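Student: Please find the sequence and the predicted model below.
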Amino acid sequence: DEEIATIEAAGALEIMGLSVPADLMMIQQSNDYSGPSETDPSILGKISVPVLLLEGARSKARSWFHASVLHVSEHVPNATIHEFEDLGHLAPIVAPERVAKKIASFFDKLRHA
């Protein structure tokens, strides 16, 4: 509810709504595609760069998102999970500075490693 209120106050719902036709087209194309999916373990296992997976613990679809993050982390050889305990799925909209800081920190650690 807090996330929805924040994006409503920012006028972002209308902007986000503009992507619905493209989202539906992507889902349709995904249904028509017969090759390996982007979540296929054999595809994920080929990723050779470090990957940061961000997760919001307060997401209403928490179980689905959490299962997705775990699936990717189990198959990508160099994956790191960071959970924002007090944020949900729309963390980049609600708390963009915190998300950016976490991403920057991830890359800084890689650069110094």
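Tutor: Sure thing, it's come through.

Student: what's residue 52 sitting at in phi/psi?
Tutor: phi -110, psi 120 (degrees, to the nearest 10).

Student: and if you look at residue 78?
Tutor: The phi/psi pair for residue 78 (degrees, to the nearest 10) is phi -130, psi 60.

Student: Just give the closest residue to it, not the sequence neighbours.
Tutor: Spatial nearest neighbour of residue 78, excluding adjacent residues (CB to CB, 6 or more residues apart in numbering): residue 50 at 4.6 Å. Backbone N, C-alpha and C define where each C-beta goes, glycine included.

Student: so how far is residue 58 from that neighbour?
Tutor: Applying CB to CB, to the nearest Å, the value for residue 50 to residue 58 is 26 Å.

Student: can you check residue 11 too?
Tutor: 22 Å.

Student: what do you get for residue 89?
Tutor: Distance, residue 89 to residue 58, using CB to CB: 8 Å.

Student: per-residue pLDDT, the residue nearest to residue 78?
Tutor: Looking at residue 50, its pLDDT reads 97.

Student: Am I right that it is in contact with residue 80?
Tutor: Yes: using CB atoms under 8 Å, residue 50 is in contact with residue 80, at 6.9 Å.

Student: list the contacts for residue 102?
Tutor: The contact partners of residue 102, by CB atoms under 8 Å, 6 or more residues apart in numbering, come to 52, 54, 82, 84.

Student: actually residue 14, not the one I typed
Tutor: Contacts of residue 14 by CB under 8 Å, 6+ apart: none found.

Student: So it lies in a strand, does it not?
Tutor: No: Residue 14 is assigned helix when assessed by DSSP: H, G, I helix; E, B strand; the rest coil, not a strand.

Student: what's the closest non-adjacent residue to residue 44?
Tutor: Nearest to residue 44 is residue 75, by CB to CB, 6+ apart, at 3.7 Å.

Student: Okay then, goodbye and thanks.
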